[in-house]
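Student: Got a sequence here, can you model it:
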Amino acid sequence: MAERTLRGARIGSTSLQGDEGIELSPRLRIEYLTDKGTRFGVMFDADAEPPAEWVDQRTGELGFLDDEAGRAARAEFEGKESSQRTHWDMLIERRSREELEELLQERLALLRSRRGEKTK
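Tutor: Alright, predicted model coming up:
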């Protein structure tokens, strides 16, 4: 008899509890602004402190708050980005361009000799 009462109830896939008496916590929509000028919103709990930067889920762009904290975070992010040194920057610090050209010609001559090509 107990098997008949559970037939077709899809146990575990849906909740049998209704929405009565449920009170959601207060939420706040925070707006972020990307470099391209796109605005997007993210919902946070009203008591939560929103981060100064957030990645847009649709475009993957990095957005910053459109207030003082967001402007400070944007300036810090741009400062980090411009201060990053590339491999080329570090190479130029160690050797002059003439030395690099000379090394390049030596390595090309070595590779060509391995292949059996004539050097120029």
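
Student: quick one: low-confidence ranges for the chain?
Tutor: Scanning the chain with the threshold set as pLDDT under 70 gives 1-13, 15-16, 80-84, 118-120.

Student: mind listing the strands for it?
Tutor: For the chain, the strands defined by DSSP state E cover 27-34, 39-45, 53-55, 62-65.

Student: Pick the most buried one from these.
Tutor: strand 62-65 (a mean of 20; mean count of other CB atoms under 10 Å). Any C-beta I mention is one placed from the backbone N, CA and C, and that applies to glycine too.

Student: just checking, what packs against that strand?
Tutor: Under the contact definition 3 or more CB pairs under 8 Å, 6 or more residues apart in numbering; DSSP states H and E, strand 62-65 sits against strand 27-34, strand 53-55, helix 68-83.

Student: neighbouring contacts of it?
Tutor: Residues outside strand 62-65 that contact it (CB atoms under 8 Å, 6 or more residues apart in numbering) are 30-35, 38-40, 50, 52-56, 70-71, 73-74, 77.

Student: what's the domain layout of this protein?
Tutor: If you go by automatic domain parsing, the domain ranges for the chain are 25-84, 85-120.

Student: Distance to residue 18 added to those, as JSON lines?
Tutor: JSON lines is the format used below for the domains of the chain (distance: least, CB to CB, whole Å):
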{"stretch": "domain 25-84", "distance to residue 18": "19"}
{"stretch": "domain 85-120", "distance to residue 18": "60"}
